[in-house]
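*Asks:* What would the 3D arrangement of this be:
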Amino acid sequence: MVVAVCFINAALGKEVKARKKLGSVRGARRMIELFGEYDFLLILEGESLEEINSIVDDLRELKEVRSTKTIIGADT
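*Replies:* The predicted structure follows:
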């Protein structure tokens, strides 16, 4: 199991639509709305790094998403 944290900036004026779409993203375990540099934080889980990469690629395809920053968790 691979866990990742994805910080998301929504397109200007698209925050409400982004919230609705992000809540149902494949692999999303939790979504937190933020105030500050980023608009949302998604905690993602996948079977592999490739699956996480695919999920993030899908996020970047959403017109409501302006940018993402993803941090992969280390297995300890």
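*Asks:* Quick check: which element contains Glu37?
*Replies:* Under the criterion DSSP states H and E, no helix or strand holds Glu37.
*Asks:* For it, give me its contacts.
*Replies:* Taking C-beta atoms under 8 Å, 6 or more residues apart in numbering, we find Glu37 in contact with Phe7. In this view, the C-beta of every residue, glycine as well, is placed from N, C-alpha and C.
*Asks:* cool, Ile32 as well?
*Replies:* When contacts are counted by C-beta under 8 Å, 6+ apart, Ile32 touches 40-41.
*Asks:* from the middle of its chain, how far away would the helix or strand where it lies be?
*Replies:* Using DSSP H and E, Ile32 sits within strand 28-33. Distance of strand 28-33 from the chain centroid (C-alpha atoms, centre = their mean, to the nearest Å) equals 8 Å.
*Asks:* Can you list the buried residues in that strand?
*Replies:* For strand 28-33, a neighbour-count test (16 or more other C-beta atoms under 10 Å) marks 28, 31 as buried.
*Asks:* Neighbouring strands - and their directions - for it?
*Replies:* strand 40-46 (antiparallel) (DSSP bridges).
*Asks:* Report the mean confidence score over the strand it pairs with.
*Replies:* Across strand 40-46, the average pLDDT comes to 96.
*Asks:* need the contact list for Arg66.
*Replies:* 9-12.
*Asks:* Buried members of those into PyMOL, please.
*Replies:* Under the burial definition 16+ other C-beta under 10 Å, those of the contacts of Arg66 that qualify are selected in PyMOL by:
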select buried, resi 9+10
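*Asks:* Now render the contacts of Arg66 as CSV, adding pLDDT.
*Replies:* As requested, these are exported to CSV (pLDDT from 0 to 100):
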residue, pLDDT
Asn9, 97
Ala10, 97
Ala11, 95
Leu12, 94
